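**Q** give me a 3D structure for the following:
(4 chains)
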There are 4 protein chains.
Amino acid sequence: MSKGTVVLAYSGGLDTSCILVWLKEQGYDVIAYLANIGQDEDFDAARKKAESLGAKKVFVEDLRAEFVEEFIWPSVQANAIYEDRYLLGTSIARPCIARRQVLIARQEGAQYVAHGATGKGNDQIRFELTCYALYPSILAPWRIPEFYNRFKGRKDLMDYAQKHGIPVPATPKAPWSMDANLMHIRWVLGHVPPLWQTRLGMDSDSCAAVLQNHPPSDIFCMTKNPEDSPSAPDVLEIEFSKGVPVKVTHLKEGTSKTTPLQIFTYLNEIGGRHGVGRIDIVENRFIGMKCRGIYETPGGTILYHAHLDMEIFTMDREVRRIKQGLGINFSELVYNGFWYSPECEFVRHCIAKSQENVEGKVQVSVLKGHVYILGRESPKSPYNEELVSMDVQGDYNPCDASGFIKINAVRLKEYNRLQNYSFRS
Amino acid sequence: MSKGTVVLAYSGGLDTSCILVWLKEQGYDVIAYLANIGQDEDFDAARKKAESLGAKKVFVEDLRAEFVEEFIWPSVQANAIYEDRYLLGTSIARPCIARRQVLIARQEGAQYVAHGATGKGNDQIRFELTCYALYPSILAPWRIPEFYNRFKGRKDLMDYAQKHGIPVPATPKAPWSMDANLMHIRWVLGHVPPLWQTRLGMDSDSCAAVLQNHPPSDIFCMTKNPEDSPSAPDVLEIEFSKGVPVKVTHLKEGTSKTTPLQIFTYLNEIGGRHGVGRIDIVENRFIGMKCRGIYETPGGTILYHAHLDMEIFTMDREVRRIKQGLGINFSELVYNGFWYSPECEFVRHCIAKSQENVEGKVQVSVLKGHVYILGRESPKSPYNEELVSMDVQGDYNPCDASGFIKINAVRLKEYNRLQNYSFRS
Amino acid sequence: MSKGTVVLAYSGGLDTSCILVWLKEQGYDVIAYLANIGQDEDFDAARKKAESLGAKKVFVEDLRAEFVEEFIWPSVQANAIYEDRYLLGTSIARPCIARRQVLIARQEGAQYVAHGATGKGNDQIRFELTCYALYPSILAPWRIPEFYNRFKGRKDLMDYAQKHGIPVPATPKAPWSMDANLMHIRWVLGHVPPLWQTRLGMDSDSCAAVLQNHPPSDIFCMTKNPEDSPSAPDVLEIEFSKGVPVKVTHLKEGTSKTTPLQIFTYLNEIGGRHGVGRIDIVENRFIGMKCRGIYETPGGTILYHAHLDMEIFTMDREVRRIKQGLGINFSELVYNGFWYSPECEFVRHCIAKSQENVEGKVQVSVLKGHVYILGRESPKSPYNEELVSMDVQGDYNPCDASGFIKINAVRLKEYNRLQNYSFRS
Amino acid sequence: MSKGTVVLAYSGGLDTSCILVWLKEQGYDVIAYLANIGQDEDFDAARKKAESLGAKKVFVEDLRAEFVEEFIWPSVQANAIYEDRYLLGTSIARPCIARRQVLIARQEGAQYVAHGATGKGNDQIRFELTCYALYPSILAPWRIPEFYNRFKGRKDLMDYAQKHGIPVPATPKAPWSMDANLMHIRWVLGHVPPLWQTRLGMDSDSCAAVLQNHPPSDIFCMTKNPEDSPSAPDVLEIEFSKGVPVKVTHLKEGTSKTTPLQIFTYLNEIGGRHGVGRIDIVENRFIGMKCRGIYETPGGTILYHAHLDMEIFTMDREVRRIKQGLGINFSELVYNGFWYSPECEFVRHCIAKSQENVEGKVQVSVLKGHVYILGRESPKSPYNEELVSMDVQGDYNPCDASGFIKINAVRLKEYNRLQNYSFRS
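**A** Numbers count the residues shown, from 1 in each chain, chains lettered A, B, ... in the order given. Presented below is the predicted three-dimensional model:
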């Protein structure tokens, strides 16, 4: 008798294939669910593979448009960036994937959802906090002792696969594990110490943490090596309305894109061609560890800079100071898996409100891994040429600045009087 | 009879030369003070010019070392950045210059300090808030009606100069006004509408603010045009201690720099060669206007990225969250002119405390306008290879993550119970 | 010929009566505008006085209902409190008064608005920043040299009044100046050193600031002296919807109030009877000075506590953390006069959003100057008796807490490993 | 053979007595550790009881002085308050108790520390996060299934006690469970539904959460019922240095206290006599639940108000704004158990720095449950009588305020120009 039905987030790879078979072995009926969020994958082959491994049903769902509109766009509005560098490409994909998975579980009357995320990462959290919205029970094999004690390393998975007729990848797995979607590709230092690594890990003498190995240049998929990229820039005009791009035009070629998915895909193409958005960072996981990741986020990086420019151009200074803090909140919440939480809903609402006048066009030049803002225009910017001009006084009396400065100094003078002040650094 | 002695912040240029003569005309004795903070200037010629214009005394002061050590270094520790883009090169120079000016005024028994900053800008504020620490009276001619009504445009200054034997620049003034120091060069949209400008200012039909004109590429002094920069990177290793660079090594050439001034100058050289640090932004002045600036900050940009990497690598996640907020405070305070204020002193103290363990080496590659972090190592990083490894369990039980997630979900589940939750974006 | 028409915010007191006459002397036509925001005033007498002094027109406007609904209620939602103590009773009255004044100026085609606020206070700022929304020119006599040099002290005003037939108050003015409205009465240390003052001001020996004099108990108008208040409490039930009170019931007497103005007036009555809301504080003005104020805010104090209780009872913890920050923003903005600013509009919008589920009833007991929360109930609280119970496990596994704690400790253990940790305070 | 030695945090009550015996049953050697942090307890009797139950050793440690100096004082400096109401009396006691327990465990070579905190509360977290600093293993019986499945309710504990010769409390346990120390007594809604409860829990019809039952007045130990307290106030002068009290004087009686423990004990006595510091709140636990607590914190409440007054009187406005944020950080960290964490150490350091000039005397009147600030003086306050005076112009020109206001309005006017502004609430 079945222990119940599980909807498994299935990637088509070795890990989730083994999990699919293992779950069946444990007595579950398995529905395989494969989300297309823009990764480079043969979805038909993956479907057949899942079926051949005994999946009761297979759902291949194209979530690309909703991923762009409902997850990337709010992140663009927020200028979302974790720890000043990471654009959250994986973080925002998880709630998008898990949301559909839960809907399938409900629709199919499944008792469980399952995923292949490991027990040390952020993704398990992002996945599960999303699921707890709808109360299905969760199976996380990498946290089930029967599973993780059986599969202690990659070799155990390979052996299991061979034994159960699971197709095994021809090439030995890269030393970096990878996550890909429309927004980015992420590489995390993986299972096998790489050959091209010269120094790694804990130096036993000094106890120093050393992360000086460089990833092989052929692991990058979305971006060309900047050194090999074209030596002439592409210049784009990106038009925003309510803080999200509504049109991208290649100024020289005159081509335009206007649907969210087309816009984002095109920005990926241009950014990728010029090697934009590669970073090598150490980040702090929610789970309390520091880990290293290599990211390539071509389109997202262009949008980050373009939106930032349009936002500061159109938004009142003090509104933006408050919104900047909300954007930091948003980034931390999303990184930590709280997309579906009361506080993240609240923050998204507030950020969306702040974007009402973020409207206009930004010109960007993309070249050799870098994004240059060339100029901007907006029907809703409080920028006032006459006011700021050094030649025109406008509705501005320079004497007012004296009063402004003196009143700002009142407090400082009292402080100095008390301190018997002499300069300190 | 003299109205008293004025110490004038003198640049050698047209404006402050006219101010010098005008102040003498008004009955003041003028001491000219010229700070060397790394700008490209013939200081001897400037000294002679000031003397020839009637300065009672001339002080040319080399502040470069203290500018780096006491102003740039704390900004590096703070990861100081205003509105997510501007590295504060002018903002931190003002208190450095004004501090010395006040010391000279004290030493010389002067009754006034004066400056040539205009009445619409930030610099007047930065300058004067620093001065109010020591109570000298301030003369700001650009806010004195007798002065600004006499000199309504550049032509009035030229006429005055010719009449009073003030050498007049041969070339007509560029349409962009400029501020230069060791850290950066800033260009602000200037007096004369430029010929190369195609669209500018307020479009009368749409009332849109349009800032799409591009600066001529020959205005840049510190940085090569990225398109024309070398096609092979320079790779540097930057060593930090307590959050400031103590050594920079060119890995291929093997050369090293170890004093603050040498380090920063060398980073400018490398960054400049590769066109690093050019930005075109609109920013919000303290005075409440939006204005456009073009910046080039080669060395500062390299350091910003390198320090950020070392900081996140070595600092506890939660300490950094708090420090990030303090860094935003610091940036706003410094931009607005409050370097010498109780709150900025407090913030600098706190930030310095946070940097105690920011120690180690970062490798950066500089190419075509972009800075790439290649790797890092530190004797003080909590990074733990074993803990984060996917192959080694270490002192970590995956089951703990289940509890962690479930407890984090307690609140979410209660919320969903109440909301009769269905997914919302 | 008239210099134009001025709409003067007229209080009926000595200062604004003199200003009215002085403005006429200067050649302006004066429209007197007297806002009823709940202060204890004979408005008919004030109208006649203004007319007799030569006002071209007199507007007496009852703003009490809009003051409660549009200014007090949003402050209640925000839990607005400046520097942890001041409930902003004057700060929120200024934009309410100035808004109507500007509307009258528009309607009457007046060229100016004027007010009698002094040049060292906050109220001039609050008043004028509100007015700048609609561009009328502002006359602030206390900042016009011709005025303030003529009226250097109270005696000059008295002399002027006698000379111009302005009725002079029979009693010598109290040493504390006062501002009253529906929400509070504020006393600020005033013109004449009080007789009952034992120690005041700068002690010349120690340079210490001494503010140990106590206000005479007979200056309080809204609140009874707590020592003399009833020895039995009044117990109220306050019902909230969307974060504002919609009904107040006296539990013993069974009486209820349901309109905003009635509710607030009734809370003032109950709070006043029991001496609630008296504080003696030093606060930091926007202008950079510290000043001392004595406040009595009976109803506002009751509502502050009751709303805080209901908010924490019904709002998600993390939403409230963010909302708490927004409430601090709101309080500072309003104190500093920025009620009508893009950022304060934005913050009010966000705070209102956070209040959607702040619904339920709070029981409060009021006695001898103190407000006690007795209990609360809500149809929208995530409070879950079963979950929190020590006797029922509910949907909660204690073992999860182990994982939660261990994961939270991961980061701490790494830190301790590095620090070779021993306890520090 | 022994499973090892456990140092058990022993209270002398039923729960930890049962745990002591149960741990021995399980094969552990038990060292009982009883911290005296000011609770009302017969420590000799508790020592004998522990010995009689088989404790290998018993440590009774008087931590009162260090509790005041190292835990209460930093909280006073921080103006620590959780969710605007709770003064953290239990939160700060846990790291103090656990720190000594770990030191004993080290000194005695124990393998484990254990505590009797339940699996749904905050205290388990506070306790254990402190312990993880020194890596001992932790036993938390209320999270061990063998234990919590055996002891499902109070009756099971009673039965076990009777069977094992553990003295059983004569009176049936109160429906509220209690935690007491020098700073406060906390009551949490307990095991047995109280008789005096009229409405409780989830109303089945409305699904409303109802917390309207009132605690019996005889449960309070530290504070008199305000209704029954003296009708004449006690007036104290509290002297601060570096933000902590160094002397308390009863102004009428002339008596003074000068050591930290004496000062705090005396403030408890005075506050208790007048019924100060009773609150009934719902708070948000770290674990994600809302729970209700009744607190009495007499001395801490007096100090909270007195310190706040002295801090605002002496500290620069902008320093305090930043410090206010750090105080909120501190409060959340301490509530959540992170006293011993890098971020809390950092925050404590910064807050201590902010307190350098918090020096002077505050007069407070305590009456009928309320604390009134009467006045204050300080040798280090920037308060300037002359500057703020309405009669003296001082070093202040009212005209400066015009410039200040106009410059602050620049931004608002631009905004209004764009919005075609009409007033909105």
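
**Q** how about low-confidence regions in chain A?
**A** Applying pLDDT under 70 to chain A picks out residues A:133-135, A:170-176, A:189-207, A:390-394, A:420-425.

**Q** would you confirm that A:Lys24 contacts A:Gly54?
**A** Yes - in this structure A:Lys24 lies within contact range of A:Gly54 using CB atoms under 8 Å: 5.2 Å. C-betas here are computed from N, CA, C, even on glycine.

**Q** which one's more surrounded, these two?
**A** More neighbours surround A:Lys24 than the other of A:Lys24 and A:Gly54, with 18 against 15 (other CB atoms under 10 Å in any protein chain shown).

**Q** where does the more buried one land in three-state SS?
**A** Per DSSP: H, G, I helix; E, B strand; the rest coil, the local secondary structure of A:Lys24 is helix.

**Q** which ones are touching it?
**A** Residues near A:Lys24 by CB atoms under 8 Å, 6 or more residues apart in numbering or on different chains: A:Val30, A:Leu53, A:Gly54.

**Q** so which of these sit within strands?
**A** The strands, defined by DSSP state E, take in A:Val30 from the contacts of A:Lys24.

**Q** for C:Gly109, state which of the contacts of A:Lys24 is nearest.
**A** A:Val30 (78.6 Å; CB to CB).

**Q** the helices in the stretch 301-425 of chain A, which residues?
**A** Taking DSSP state H, counting those that start in this stretch as the test, the helices found in the stretch 301-425 of chain A are A:317-335, A:342-354, A:385-388, A:398-419.

**Q** how about TSV for those, with mean neighbour count and distance to A:Met222 added?
**A** Below are the helices of the stretch 301-425 of chain A laid out as TSV (neighbours: other CB atoms under 10 Å in any protein chain shown; distance: least, CB to CB, whole Å):
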stretch	mean neighbour count	distance to A:Met222
helix A:317-335	22	21
helix A:342-354	22	27
helix A:385-388	18	40
helix A:398-419	22	49
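
**Q** can you lay out those helices as a markdown table showing distance to chain D?
**A** Converted to a markdown table, the helices of the stretch 301-425 of chain A look like this (distance: least, CB to the nearest CB, whole Å):
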| stretch | distance to chain D |
| --- | --- |
| helix A:317-335 | 6 |
| helix A:342-354 | 12 |
| helix A:385-388 | 7 |
| helix A:398-419 | 2 |
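
**Q** and A:Leu261, how many neighbours?
**A** 17.

**Q** you'd agree it is up against A:Ala65?
**A** Yes - at 5.0 Å, A:Leu261 counts as touching A:Ala65 under the criterion of CB under 8 Å.

**Q** please enumerate the strands of the stretch 101-250 of chain A.
**A** With DSSP state E, counting those that start in this stretch applied, the stretch 101-250 of chain A shows strands at A:112-114, A:137-139, A:176-180, A:185-189, A:200-202, A:209-211, A:234-241, A:244-250, listed in chain order.

**Q** just the residues contacting the fourth one, thanks.
**A** It refers to strand A:185-189. By CB under 8 Å, 6+ apart, strand A:185-189 touches A:89-90, A:175-180, A:215, A:219-222, A:291-296, B:388.

**Q** from the chain's centre, how far out does that strand sit?
**A** 12 Å (CA atoms, centre = their mean, to the nearest Å).

**Q** what strands line up against that strand, and which way round?
**A** strand A:176-180 (antiparallel), strand A:290-296 (antiparallel) (DSSP bridges).

**Q** which ones are touching the residue lying closest to A:Pro382 once chain neighbours are set aside?
**A** Closest residue to A:Pro382 apart from its sequence neighbours, by CB to CB, 6 or more residues apart in numbering or on different chains: D:Glu414 at 4.0 Å. By CB under 8 Å, 6+ apart, the residues touching D:Glu414 are A:Pro382, A:Asn384, A:Leu387, B:Gly288, B:Met289.

**Q** and if you look at A:Ala50?
**A** Counting by CB under 8 Å, 6+ apart, A:Ala50 has contacts A:Tyr10, A:Gly12, A:Ser17, A:Leu20, A:Ala32, A:Leu34, A:Val58.

**Q** burial check on A:Ser241, number of neighbours?
**A** Neighbours around A:Ser241, by other CB under 10 Å: 14.

**Q** partners of it in the sheet?
**A** Per DSSP bridges, the residues bridged to A:Ser241 are A:Val244.

**Q** correct me, but it touches A:Glu359?
**A** Yes - assessed by CB under 8 Å, A:Ser241 is found in contact with A:Glu359 at 5.1 Å.

**Q** can I get stretch A:39-52 in PDB, CA atoms only?
**A** What follows is stretch A:39-52, C-alpha atoms only, in PDB (Å, rounded to 0.1, in the frame of the first residue of the first chain):
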ATOM      1  CA  GLN A  39      17.400  27.100 -17.500                       C
ATOM      2  CA  ASP A  40      19.100  25.400 -20.400                       C
ATOM      3  CA  GLU A  41      17.400  21.900 -20.300                       C
ATOM      4  CA  ASP A  42      15.900  19.400 -22.700                       C
ATOM      5  CA  PHE A  43      12.500  19.300 -21.000                       C
ATOM      6  CA  ASP A  44      11.200  16.500 -23.200                       C
ATOM      7  CA  ALA A  45      14.100  14.300 -22.400                       C
ATOM      8  CA  ALA A  46      13.700  15.100 -18.700                       C
ATOM      9  CA  ARG A  47      10.000  14.200 -18.900                       C
ATOM     10  CA  LYS A  48      10.700  10.900 -20.500                       C
ATOM     11  CA  LYS A  49      13.400  10.200 -18.000                       C
ATOM     12  CA  ALA A  50      11.100  10.800 -15.100                       C
ATOM     13  CA  GLU A  51       8.400   8.600 -16.600                       C
ATOM     14  CA  SER A  52      10.900   5.800 -17.200                       C
END
